[in-house]
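S.K.: Fold the following and give me the result.
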Amino acid sequence: MLPISMTTPPSKPPSKPKNPELSSNRKNYSNLFQPYLSFHHPGTCLPLAILLLHIFLLLSARSLPFFPTSHPSKILFPPSTTVTPGHSATLDVDGSNQTALNLNVLCPYGKVYVYDLPSFFNHELLKNCHELSPWNSGCDLFSNHGFGKVANGISKLVPENLRHAWHWTDQFALEILHHNRMMNYRCRSLEPESATAFYIPFYAGLAVGKYLWYNHTFEDRDRYCEMMLDWVNNQPYWNRSHGWDHFITMGRITWDFRRIEGRVWGSSCIYMPGMRNITRLLIERNPWDYFDVGVPYPTGFHPSTASDVMGWQDFVRQHQRKTLYCFAGGTRGFYRNDFRGLLLSQCYNNSDACRVVDCTGSKCSNGTSAILESFLDSDFCLQPRGDSFTRRSIFDCMVAGSIPVFFWRRTAYMQYAWFLPSQPDSYSVFIHRGEVQNGTTSIRAVLESISKEKVKMMREKVIEYLPRIVYAKPNEGLEGIKDAFDIAVEGVLRRVKQKEGVYK
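M.R.: Below you'll find the predicted structure:
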């Protein structure tokens, strides 16, 4: 075999680019090896060519974005990575900087610009938390970045290593949770020119909540929203699409913002002209309004890591359930033919199969240990409509691995399409309320007729979708797992991207 020195050496070794792209890498590697492929000795060409081909393939593969490393998760989904549009992200893997994951990989639907809204519309509302409720201070409810106080009262029910993940979170804290996450969102842009969508961090639910009761005027209920729209409509990027690429989180049900002539409840925020094209993330949507998007109510479970999620999934999967079904709720005596009162009565009459947590009044408003215990111990949980068509209990039930039983299709099926399975019977049971009211259908009989194998499959589907209905604790999100916030914002970006060029 001829020594390498007998080949014609390159006159000058080629210099390697500091930050080569994949296509230029291939060209440079080819040029680097070309001098050593220029000889024609028949005994050396084939073996050496094969050797050099192996080297070439190895070097080329290492320049690919998903070449495996000892820490693949850092490459596959780095939540805190900031990428300037049009450039690649420089990540630190194994102590060295490597160029990987361009914008299209990290943020396939684009990025979000967060308006620097005057603090009057968000932070000052929280600062004056004692004014948020006409009955008591909201400071504990919305403390700890919106998560609320740590739920010490459930320590006997949950694994010790997951107690830190549980809080007494208020069902109306969504605006605060979303705002904090958005400020650290991996697809946030600091340059409005490059943004696909624009987020308005206005705490609409907190702003109107303190004016919904007693003798407040319509002007009181509308003032914050009118001022916010005046500010946003004067921003230079509003006119780009007249609001089609703007979105907002409104942490109450849609009907609290839809006051019409002749009614006294709520504000008229959604009916104001400036709100017409803005996408609205709400815990309950109007199913016939394209711009309303239903998102999960906040629950008490806020995982800090992917291990927290998987640990809780394993716990609820293996938990021994002693009761067929349960109902946590209170009567609504002011409603004619109160359906919740009927369910309570039937549960009490079937106490060997149904467990009751009577929440008459407000004693279950943010969850209690009794509610969590009943959901953990039951195969099914009854979910009638609340004061509106939806209720937070749906998600408390599913987080505990219990299978929801619905009586109105608008309670879930027409609300949370981005977050729940597309096949309703894969994770839930539907019984028409009329059949229960007229006595033609027995809830107990329906649930007892479902085989153990089917129950197991339904519970597994609930557990599979659990990450999509909870809000993670870290502002950067969970590494490698999308939670309810990720699903919601990605959904907004996707629909804005699809409508580009066809705004009306």
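S.K.: which residues sit in contact with Leu493?
M.R.: Leu493 sits next to 107, 109-112, 187, 196-197 when contact means CB atoms under 8 Å, 6 or more residues apart in numbering. No exception for glycine: its C-beta is placed from N, CA and C like everyone else's.
S.K.: Tell me the one of those residues nearest Cys364?
M.R.: Of all the contacts of Leu493, Val112 has the smallest distance to Cys364: 35.3 Å, by CB to CB.
S.K.: With Gln437 as the reference, measure out to the closest residue to Ile270 other than its chain neighbours.
M.R.: Excluding its sequence neighbours, the residue lying closest to Ile270 (CB to CB, 6 or more residues apart in numbering) is Phe257, at 4.5 Å. Remark: distance between Phe257 and Gln437 (CB to CB, to the nearest Å) = 31 Å.
S.K.: Just want to know which of those two has more residues nearby.
M.R.: Phe257 (26 against 13; other CB atoms under 10 Å).
S.K.: Just the local confidence number for that one, please.
M.R.: For Phe257, the pLDDT comes out at 98.
S.K.: do the same with Asn19
M.R.: 40.
S.K.: List the residues that contact the residue nearest to Ile270.
M.R.: Contacts of Phe257 (CB under 8 Å, 6+ apart): 204, 208, 225, 250, 266-270.
S.K.: between the residues you listed, which is closest to Thr217?
M.R.: Distance to Thr217, by CB to CB, is smallest for Ser267 among these, at 11.1 Å.
S.K.: neighbours of the closest one, just the number please.
M.R.: Quick note: Ser267 (other CB under 10 Å) scores 25 neighbours.
S.K.: three-state assignment of it?
M.R.: Classification of Ser267 using DSSP: H, G, I helix; E, B strand; the rest coil returns coil.
S.K.: shouldn't it be in contact with Asp222?
M.R.: Yes. Between Ser267 and Asp222 there is a contact under CB atoms under 8 Å: 5.1 Å.
S.K.: list residues touching both of these two?
M.R.: With CB under 8 Å, 6+ apart, Ser267 and Asp222 have no common neighbours.
S.K.: Just the ones of the contacts of Leu493 in strands?
M.R.: Mapping those onto strands (DSSP state E) picks out 112, 197.
S.K.: can you put the contacts of Leu493 in JSON lines and add neighbour count?
M.R.: Formatted as JSON lines, these follow (neighbours: other CB atoms under 10 Å):
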{"residue": "Cys107", "neighbour count": "22"}
{"residue": "Tyr109", "neighbour count": "19"}
{"residue": "Gly110", "neighbour count": "20"}
{"residue": "Lys111", "neighbour count": "23"}
{"residue": "Val112", "neighbour count": "22"}
{"residue": "Cys187", "neighbour count": "24"}
{"residue": "Thr196", "neighbour count": "20"}
{"residue": "Ala197", "neighbour count": "24"}
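S.K.: Select, from the contacts of Leu493, the two members most distant in space.
M.R.: Checking the contacts of Leu493 with CB to CB, the most distant pair is Cys107 and Ala197, at 10.9 Å.
S.K.: For Trp418, give me the pLDDT.
M.R.: 98.
S.K.: Which residue lies closest in space to it, excluding its sequence neighbours?
M.R.: Nearest to Trp418 is Gly491, by CB to CB, 6+ apart, at 4.8 Å.
S.K.: So what's the residue count around that neighbour?
M.R.: Every residue meeting other CB under 10 Å relative to Gly491 is counted, giving 19.
S.K.: can you tell me the helix or strand for it?
M.R.: helix 484-499 (DSSP states H and E).
S.K.: still on that earlier bit, my guess is the residue nearest to Trp418 contacts Thr279. True?
M.R.: No. Between Gly491 and Thr279 there is no contact under CB under 8 Å: 9.2 Å.
S.K.: Can you check which residues contact both of the two?
M.R.: Val293.
S.K.: Show me how this protein divides into domains.
M.R.: As given by automatic domain parsing, the domain ranges for the chain are 80-108, 112-298+475-499, 306-469.
S.K.: mind listing what the residue nearest to Gln171 when sequence neighbours are not counted touches?
M.R.: Closest residue to Gln171 apart from its sequence neighbours, by CB to CB, 6+ apart: Arg392 at 4.4 Å. Going by CB under 8 Å, 6+ apart, Arg392 touches 171, 283, 297-299, 386.
S.K.: Who wins on neighbours among the residues you listed?
M.R.: Pro298 leads those on contacts (other CB under 10 Å) with 29 neighbours.
S.K.: Could you measure from that one over to Glu373?
M.R.: Counting by CB to CB, the gap from Pro298 to Glu373 is 20 Å.
S.K.: what does Ala400 give?
M.R.: Taking CB to CB, one finds Ala400 at 9 Å from Glu373.
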